[in-house]
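In: A structural model of the following input is requested.
(chains A and B)
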Amino acid sequence: MQSLPTPPGQWLVLLPVLIPLAGAALLLLLRQMKLLQLPLAVLIAAVTALCDFVLVMRVAESGPQAMTMGNWLPPFGIAFTVDALGAGFAFAAALVVTIVLLPLGADAPDRARRDGLYPQVLLLLAGVSGAFVTGDLFNLYVWFEVMLIASFGLLALGRQPMQLDGTVKYGFPNFMATSIFLLALGLLYGLMGTLNMADLIGASARADKAALAAIAALLLVGFGMKAAGFPLNTWLAASYHTPPPAIAALLAALLTKVGAYALIRSLAMVLPDARVMLEPALAVVAVATLTLGPLAAIAETGLRRLIGFLLIGGIGAMLAGLALGTEQGLAGAASYGIHAMLALGALYVIAGLVEKLTGAGDTRAMGGLLAMSPLIAMVFGLALFAVAGVPPLSGFWPKFLLVTAGIDRWLATGDMTALALWLAVLLNALLSLIAVARLFAHVAWRAAPLPGFAPQGPRQVMLTSREERMVLWPAALLVMGLVGLGLWPEPIMGFGMATAKALLDPAAYIAATQLAGGSP
Amino acid sequence: MNSLIFRTVAPFLTAVMLAFSIFVLLRGHNEPGGGFIGGLIAASALAIYGMALGPDVARKALRVHPLVIAAAGLLIAILSGMMSLAYDVPFLTGLWAEFNMGRDVLTLSTPMLFDFGVYLVVVGAVASMVLGLEDNEEESP
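Out: Here you go, the predicted structure:
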């Protein structure tokens, strides 16, 4: 047993998971008090975000933090180990949940509230935070399941036939992905005898390379499907437009990023040799995702489906960073993750407003947004251009890192993979720009819908003051964050570089995990 | 399930199964059993009660919504882990207390409390699902 006492400050590692989990239980207990649910949920998410922020600061100051459950020495006990990547992602996730809860509360039907809307959102946050802070691969699987159950419930809450259709299309591939992940874990445990990430780093250097490559390929398929990388991304386009916009915002902001995080964590840090072996496959997936996402966005006319394709293009950027594998590449991938959480959260919420004002879900039946509400048109445009990576908005800097990483690696090694990835990132920027510029021109600048396409639904001429307060302002707050991070990229770039350094040299991570459980 | 025999036997069966589920929960620390399996037995007891007398009668007998039971269980499980905060040991570390009861020693521990939380989570969640499935109408009151 461990002899050193655990200082209370160490509990900070657990709080991002415990607070939303206990909060979800509390909200279920208070299910009769309907007026209390939303404020309490926002409060709980905000406290989680605050804890995450303190954790980010602590990690930046004194390196990775860890705690081993039940005082069982690692690798037997489950350790939570938080480094810069996990803490930063957890903070961004909790922040987005806090802000998106307001639009969610504004237009949730009573029935969804009675069916446990807010507890499920908090459960989703607990699952996502757990995935970001855990230092154990099997535990990561558990948090994936928690996330899956919560997101499944959230997608199906309205019980509309279309939502159930989306839920099935979302649920089945995701169950498959978690099963493949579990399969890989079984093989990995058989090969190494441990699933603790810090322990695996050392053990993987001595393991059979062929077996390791096979396991890493399974992980790539499982996590790649979660992250919506080509060709396993059709579920996203088929499901994310079906729930109410605020729920889509939550899922889009959080879920795919967890998949990309798991890929970065497992391939770049835990099994670096396998990443090198898988590099050609990773590069092909990244290039295809980077180019096909925005191409589909150009062709698509459903507004929220279109945003889904933009999201897929962004996942391609994160995969490209991982495929490059250099410090700058990983920094680009990590900082893109933070940017994407904020940007997609904002974009789906605003898309909901745009659909309300134009009375249509199809961009061909939209038009004249600028005349109807210049403010919403501006917020919408800023969010769109941030997603496309136009300077000076936040999407630009991670892509800038990726572009430099690609060209640097090509110049240094003459590696054609790096050249292809570099070209694909540039092409992605161009295609995304075309897609969002076309979309913005159609929705905001065009005076009226295309002939023959009348809005199907009723048009709402003005937002109510409640909608302004609960939907527009939170979304505008997120967009202001995007502008702020674009103008002052130091936090996000510094985070990316610190993260990449820690991923490529995990000595501090290993030391933290061992310390938590005493010396091995 | 409109059978007189079943309707007469079901309440007794439910009572016996609930008692047995507690027994399985408590013996679970060193022998086969535990909170999960105990919870499943208790939930099947409630399911039988619902099948015989209708899900609404079963809900009334529970007095609180099944999901509330699950939530309370989750909170109890978290609290049992949090107790280690006071002893400067990591989350979920087992803490034991022994009480001398004349001839026997009564041992209480946080793993037992945790198991009790698991029991409630399983009872609540499974009962909520099963009673929901037993509903004939689309809408439950």
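
In: so where's the chain shaky on pLDDT?
Out: Answering for chain A, as no chain was given. Residues of chain A that meet the criterion pLDDT under 70 lie in A:1-5, A:514-520.

In: try chain B instead
Out: Scanning chain B for pLDDT under 70 picks out the ranges B:1, B:136-141.

In: how about the residues of it near chain A?
Out: Residues of chain B found near chain A (C-beta under 8 Å from any C-beta of the partner chain) are B:65, B:67-68, B:70-72, B:74-75, B:78, B:82, B:85, B:88-94. C-beta here means a position set from N, CA and C on the backbone, and glycine is covered the same way.

In: In strands only, show me those residues.
Out: Judged by DSSP state E, the residues of chain B next to chain A include no members of strands.

In: Among those residues, name the ones in helices.
Out: Taking DSSP state H as the definition of helices, these contribute B:67-68, B:70-72, B:74-75, B:78, B:82.

In: ok, those residues vs A:S62, which is closest?
Out: Nearest to A:S62 among those: B:M82, at 24.1 Å, using C-beta to C-beta.

In: quick one: contacts for the spatially closest residue to the closest one that is not a sequence neighbour?
Out: Closest residue to B:M82 apart from its sequence neighbours, by C-beta to C-beta, 6 or more residues apart in numbering or on different chains: B:F91 at 7.3 Å. B:F91 sits next to A:11, A:14, A:67, A:69-70, B:81-82, B:84-85 when contact means C-beta atoms under 8 Å, 6 or more residues apart in numbering or on different chains.

In: And B:F91, how far from B:P11?
Out: With distances taken as C-beta to C-beta, to the nearest Å, B:F91 is found 41 Å from B:P11.

In: And A:L439, by the same measure?
Out: If you go by C-beta to C-beta, the gap between A:L439 and B:P11 works out to 63 Å.

In: Neighbour count: these two, which is higher?
Out: With neighbours defined as other C-beta atoms under 10 Å in any protein chain shown, A:L439 and B:P11 compare such that A:L439 has more, 24 against 14.

In: So which residues of chain B form helices?
Out: Counting by DSSP H, the helices of chain B are B:4-27, B:35-53, B:55-62, B:66-82, B:110-134.

In: same question but for the stretch 351-500 of chain A, I mixed them up
Out: A:369-372, A:374-388, A:396-413, A:416-440, A:465-467, A:473-487, A:490-504 (DSSP state H, counting those that start in this stretch).

In: can you list those in TSV and add distance to A:I215?
Out: Shown next, in TSV, are the helices of the stretch 351-500 of chain A (distance: least, C-beta to C-beta, whole Å):
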stretch	distance to A:I215
helix A:369-372	49
helix A:374-388	34
helix A:396-413	26
helix A:416-440	22
helix A:465-467	49
helix A:473-487	36
helix A:490-504	19
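
In: Let me know which of the ones you listed is tucked in deepest.
Out: Among the helices of the stretch 351-500 of chain A, helix A:374-388 has the highest mean neighbour count (mean count of other C-beta atoms under 10 Å in any protein chain shown), at a mean of 23.

In: what residues does the stretch 51-200 of chain A put near chain B?
Out: Counting by C-beta under 8 Å from any C-beta, the residues of the stretch 51-200 of chain A that sit close to chain B are A:67-71, A:116, A:119.

In: Neighbour-wise, give me the winner out of the residues you listed.
Out: A:T68 leads those on contacts (other C-beta under 10 Å) with 31 neighbours.

In: how close does that residue sit to B:R7?
Out: 52 Å.

In: residues near the nearest residue to A:F181 once chain neighbours are set aside, how many?
Out: In space, A:F181 comes closest to A:G222 once its chain neighbours are excluded; the distance is 3.6 Å by C-beta to C-beta, 6+ apart. Per other C-beta under 10 Å, the neighbour tally for A:G222 reads 28.

In: What is the helix or strand harbouring A:G222 packed up against?
Out: Secondary structure from DSSP states H and E places A:G222 in helix A:209-227. Judged by 3 or more C-beta pairs under 8 Å, 6 or more residues apart in numbering or on different chains; DSSP states H and E, helix A:209-227 is in contact with helix A:161-192, helix A:245-263, helix A:272-299, helix A:303-324.

In: Buried ones in the helix or strand that that helix is followed by, by neighbour count?
Out: Note on helix A:209-227: by DSSP H and E, the next helix or strand toward the C-terminus is helix A:234-239. Buried residues in helix A:234-239, counted by 16 or more other C-beta atoms under 10 Å in any protein chain shown: A:235-239.

In: Could you do stretch B:22-39 as well?
Out: Going by neighbour count (16+ other C-beta under 10 Å), the buried part of stretch B:22-39 is B:24-26, B:28, B:33-39.

In: From those residues, pick the one nearest chain A.
Out: When the buried residues of stretch B:22-39 are ranked by distance to chain A (C-beta to the nearest C-beta), B:F36 comes first, at 14.6 Å.

In: Correct me if wrong: the closest one contacts B:V123.
Out: No - using C-beta atoms under 8 Å, B:F36 is not in contact with B:V123, being 10.4 Å away.

In: thought A:L278 was touching A:L220?
Out: Yes - at 6.0 Å, A:L278 counts as touching A:L220 under the criterion of C-beta under 8 Å.

In: Have a look at those two and say which one is more surrounded.
Out: Each of A:L278 and A:L220 has its neighbours counted (other C-beta under 10 Å); A:L220 has more, 25 against 20.

In: From chain B, how far off is the more buried one?
Out: Applying C-beta to the nearest C-beta, to the nearest Å, the value for A:L220 to chain B is 32 Å.

In: And the furthest pair within the buried residues of stretch B:22-39?
Out: Spanning the widest gap among the buried residues of stretch B:22-39 are B:L26 and B:F36, at 13.6 Å by C-beta to C-beta.

In: thinking again about what came up before, might you report the residue contacts of the residue nearest to A:F181?
Out: Neighbouring residues of A:G222 by C-beta under 8 Å, 6+ apart: A:177-181, A:184.

In: Take those residues and write them to CSV, including distance to A:A41 and neighbour count.
Out: Below are the contacts of A:G222 laid out as CSV (distance: C-beta to C-beta, whole Å; neighbours: other C-beta atoms under 10 Å in any protein chain shown):
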residue, distance to A:A41, neighbour count
A:A177, 28, 22
A:T178, 26, 18
A:S179, 32, 11
A:I180, 33, 19
A:F181, 29, 24
A:A184, 35, 23
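
In: Among those, which one lies nearest to A:A112?
Out: Of the contacts of A:G222, the one sitting nearest to A:A112 (C-beta to C-beta) turns out to be A:T178, at 25.3 Å.

In: Could you double-check that that closest one sits in contact with A:W143?
Out: No - A:T178 is not in contact with A:W143 according to C-beta under 8 Å; the separation is 10.7 Å.

In: Contact partners for A:A418?
Out: When contacts are counted by C-beta under 8 Å, 6+ apart, A:A418 touches A:324, A:406-407, A:409-410.

In: Tell me how many other residues crowd A:R304.
Out: Other residues near A:R304 come to 23 when the count uses other C-beta under 10 Å.

In: coming back round to it: what about chain B: which of the buried residues of helix A:234-239 touch it?
Out: Okay, of the buried residues of helix A:234-239, nothing touches chain B (C-beta under 8 Å from any C-beta).

In: Chain B: which of the residues you listed is nearest?
Out: Closest to chain B, out of all of these and judged by C-beta to the nearest C-beta, is A:S239, at 23.1 Å.

In: thinking the closest one is in contact with A:K169, fair?
Out: Yes - between A:S239 and A:K169 there is a contact at 5.0 Å, judged by C-beta under 8 Å.

In: would you list the contacts of A:G222 in JSON lines and tack on distance to A:P374?
Out: Shown next, in JSON lines, are the contacts of A:G222 (distance: C-beta to C-beta, whole Å):
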{"residue": "A:A177", "distance to A:P374": "43"}
{"residue": "A:T178", "distance to A:P374": "45"}
{"residue": "A:S179", "distance to A:P374": "49"}
{"residue": "A:I180", "distance to A:P374": "48"}
{"residue": "A:F181", "distance to A:P374": "47"}
{"residue": "A:A184", "distance to A:P374": "51"}
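
In: I appreciate the help and will end here.
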